[in-house]
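S.K.: I would like to see how this sequence folds:
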Amino acid sequence: MAATDKEARMGAVDELTREQLLEMVHNFAKNWLAHDGLWFQAVERTRGLGEAIAADAEAWRRFSPIEAKRIKEFLGLPDRGGLEALRTALDYRMYAVLNRQHAELRDGVLRFYMNDCRVQSARKRKGLPDFPCKQVGLVEYSSFAHEIDPRIETRCIACPPDEHPEEYYCGWEFRLREEEASGE
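M.R.: Next up is the predicted model:
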């Protein structure tokens, strides 16, 4: 009997314990983040910081909806699940296992904070200034949120190079468009 595609893909993963699977997820996330940083540095070395940031923004413009769509499918989130669906989806992003983050949903506004960012923390340990990721973050978070629910609008609270409090590196605010939120 032929194996299904899913069965054929699993291979040795089927033999791993829960602890090993969790470690593997963490390693996959670290590998993904390392690759993201290495390609960025390669573009920065050859083309300069401005072009590297522009390329990074374009990559996130394309990647974020893919990631959001896969999370939505995995969790069975509705197409127009609003801010509650977004809050849930943010916990399943690739870097959520590496960074410390939290979200608050109050009075029709979802505020999301990246309390400890692996990239920014590494720069801080090395005595480097915060990486100026706001331009990329605007693209990343708005396209992710839009894929979760096209009614969601995104606003940056603070993100480097902005000044930010010690308790977070970046903060984002999400809300449903007024005309859609009120049912008009």
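S.K.: what's the distance between I152 and N99?
M.R.: 21 Å (CB to CB, to the nearest Å). Using the backbone N, CA and C atoms, a C-beta is placed for each residue, glycine as well.
S.K.: neighbours around the closest residue to H164 other than its chain neighbours, how many?
M.R.: Take H164 and drop its neighbours on the chain: the residue closest to it by CB to CB, 6 or more residues apart in numbering is A158, 4.3 Å away. Applying other CB atoms under 10 Å, we find 16 other residues in the vicinity of A158.
S.K.: Tell me which residues are up against stretch 94-110.
M.R.: With CB atoms under 8 Å, 6 or more residues apart in numbering as the test, stretch 94-110 has contacts from 25-26, 29-30, 32-33, 67, 83-84, 86-87, 90-91, 111-118, 173-176, 181.
S.K.: So what's the gap between it and the chain middle?
M.R.: With CA atoms, centre = their mean, to the nearest Å as the basis, stretch 94-110 stands 10 Å off its chain's centre.
S.K.: Rounded mean pLDDT for it, please.
M.R.: The average pLDDT for stretch 94-110 rounds to 96.
S.K.: so how far is the first residue of it from its last?
M.R.: Length of stretch 94-110, first residue to last, CA to CA, to the nearest Å: 20 Å.
S.K.: buried sites along that stretch?
M.R.: 95, 98-99, 101, 103, 110 (16 or more other CB atoms under 10 Å).
S.K.: Can you tell me which of those residues comes closest to L49?
M.R.: Relative to L49, the closest of the buried residues of stretch 94-110 is Y95; by CB to CB it sits at 21.6 Å.
S.K.: A helix includes the closest one, no?
M.R.: Yes. Checked against DSSP: H, G, I helix; E, B strand; the rest coil, Y95 lies within a helix.
S.K.: ok so, going back, buried subset of the contacts of stretch 94-110, written for ChimeraX?
M.R.: Selection of buried members from the contacts of stretch 94-110 for ChimeraX, criterion 16+ other CB under 10 Å:
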select :29,33,67,83,86,87,90,111,112,113,114,117,118,174,175,176
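S.K.: Tell me where this protein has helices.
M.R.: 5-10, 18-47, 49-75, 82-90, 118-125, 134-148, 178-181 (DSSP state H).
S.K.: so can I have JSON lines of those helices showing distance to Y168 and mean pLDDT?
M.R.: Output for the helices of the chain, formatted as JSON lines (distance: least, CB to CB, whole Å; pLDDT from 0 to 100):
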{"stretch": "helix 5-10", "distance to Y168": "38", "mean pLDDT": "61"}
{"stretch": "helix 18-47", "distance to Y168": "19", "mean pLDDT": "95"}
{"stretch": "helix 49-75", "distance to Y168": "20", "mean pLDDT": "97"}
{"stretch": "helix 82-90", "distance to Y168": "14", "mean pLDDT": "98"}
{"stretch": "helix 118-125", "distance to Y168": "10", "mean pLDDT": "92"}
{"stretch": "helix 134-148", "distance to Y168": "12", "mean pLDDT": "98"}
{"stretch": "helix 178-181", "distance to Y168": "26", "mean pLDDT": "60"}
